[in-house]
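following is a predicted model, sequence given first.
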Amino acid sequence: GVEAKIIDKESGEKIPDDKEGIICVMGPNVMKGYHKNLKETARVLSADGWFNTGDRGYFTKKKELVITGREKEIIVLSNGENINPVPIESALMQSKYIDTAILTGQDWRLLGVYIVPNFDALEKYCETENIFLQKNSLETALSDEKITRLFKNEINALVSKKYGFQNYELVHAFSLLPNPFIPGKELTHTLKPRRAEIDRIYAVEHQRMREAIER
C-alpha cells in the first residue's frame with residue numbers, strides 16, 4: 001500500500017491532523033524520481049523516499065485525506081499569509097455577473113482579482129439601469145461607475161466573513177476584462193488558469209490593482 005503524510009512547507013517536518021500542509025506519499029507504486037534528472041528528483045523526493053506530490057491537504061480526525069489545492073497555486077501575501085485561491089474564485093463565480101475570476105496578489109498586502117464578466121447578464125443589467133453597453137468599446141463601458149459598483153457589491157457579498165472567509169482572504173481590488181480567457185493564452189489546454197501568464201498579459205491591470213491596494 002501507499003503511505004501518506006502532511007509536512008510543513010518551510011521545515012519539512014510532519015504536522016498534526018487537521019493542519020493543512022503539503023502531501024507526501026511513499027510506497028512501491030510511487031515514482032522513484034526523474035530519469036537522468038537528479039536536480040528535479042531531489043526537489044520532489046526526500047532522502048528517505050517520500051515523494052512530494054505538490055498537492056496541499058490535511059488529514060481529518062478519521063484519518064481521511066482531504067486535498068485542498070496545488071502548492072504552486074498558493075498566493076503568499078506580504079504578511080506571510082498563505083492563500084488557496086480556488087475556494088475564493090469558486091465563491092465569486094457563483095455570481096450571475098461573473099464568468100471567470102482569477103485571484104492575484106503574490107507579495108501584496110491584500111488580494112486583487114481579474115474578472116471576466118458574464119456579458120449576457122451584464123447586458124440585461126445595463127438595460128434596466130439605462131447604461132449604454134457598447135460592444136466595440138467594452139473597456140469604456142466597464143469603467144462606468146454603476147458597473148464598477150455592481151461588481152464591488154458582488155465581490156463583497158460573496159467573499160465575506162459571513163461565509164467563513166478570513167480577513168486576509170477578502171478581495172480589495174478588481175479589474176474587469178473585456179474578453180473571455182482562451183486555451184493556449186490565459187488557460188492551459190485542460191482549461192486550468194496560467195496564473196503567471198495572466199499577470200504578464202494584464203500587466204497594466206495588475207499594476208493598477210497593486211497601486212490601489214498599496215495606497
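Yep, it's here.

quick one: residues contacting the most centrally placed residue in the chain.
Residue closest to the mean C-alpha point of the chain, counted by C-alpha atoms, centre = their mean, is Pro85 at 2.7 Å. Taking C-beta atoms under 8 Å, 6 or more residues apart in numbering as the criterion, Pro85 is in contact with 69, 73-75, 102-103, 195. All C-beta atoms are positioned from the backbone trio N, CA, C, and that covers glycine.

in the chain, which helix is the longest?
The longest helix of the chain (DSSP state H) is helix 145-158.

from the contact counts, what lies against it?
Packing partners of helix 145-158 (3 or more C-beta pairs under 8 Å, 6 or more residues apart in numbering; DSSP states H and E): helix 85-92, strand 111-117, helix 119-128, strand 171-176.

please export the C-alpha coordinates of the lengthiest strand in the chain as PDB.
Longest strand in the chain by number of residues (criterion: DSSP state E): strand 51-59. Output of strand 51-59 as PDB, limited to C-alpha atoms (Å, rounded to 0.1, in the frame of the first residue of the first chain):
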ATOM      1  CA  PHE A  51       7.500  11.900  -2.800                       C
ATOM      2  CA  ASN A  52       6.300  15.500  -2.700                       C
ATOM      3  CA  THR A  53       3.100  15.500  -4.700                       C
ATOM      4  CA  GLY A  54       2.800  19.300  -4.900                       C
ATOM      5  CA  ASP A  55      -0.700  19.000  -3.600                       C
ATOM      6  CA  ARG A  56      -1.900  20.700  -0.400                       C
ATOM      7  CA  GLY A  57      -4.200  19.000   2.100                       C
ATOM      8  CA  TYR A  58      -4.800  17.600   5.600                       C
ATOM      9  CA  PHE A  59      -6.000  14.500   7.400                       C
END
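
so for Glu139, which of the helices and strands packed on helix 145-158 sits nearest?
Between Glu139 and the helices and strands packed on helix 145-158, the shortest gap by C-beta to C-beta is with strand 171-176, which sits at 8.6 Å.

parallel or antiparallel, list what pairs with the closest one.
Strands adjacent to strand 171-176 in the sheet, as given by DSSP bridges, are strand 111-117 (parallel).

next one: Glu186 from Lys192, what distance?
Distance of Glu186 to Lys192, computed by C-beta to C-beta, to the nearest Å: 10 Å.

oh sorry, the question was meant for Thr148
Thr148 sits 28 Å away from Lys192, going by C-beta to C-beta.

what mean pLDDT does the longest strand of the chain get?
Taken as a whole, strand 51-59 has a mean pLDDT of 85.

which parts of the very next helix or strand once past it are buried?
Next helix or strand after strand 51-59 toward the C-terminus (DSSP states H and E): strand 65-70. Residues Gly69 are the ones in strand 65-70 that count as buried (16 or more other C-beta atoms under 10 Å).

packing partners of the next helix or strand after strand 65-70?
Using DSSP H and E, the helix or strand that follows strand 65-70 in sequence is strand 75-76. Using 3+ C-beta pairs under 8 Å, 6+ apart, the elements in contact with strand 75-76 are strand 82-83.

what comes into contact with the strand it packs on?
Contacts with strand 82-83, where a contact means C-beta under 8 Å, 6+ apart, come from 9, 74-77, 103, 105, 111, 168-169.

stretch 120-130 too?
So stretch 120-130 is contacted by 96-97, 131-133, 141, 146-147, 150 (C-beta under 8 Å, 6+ apart).
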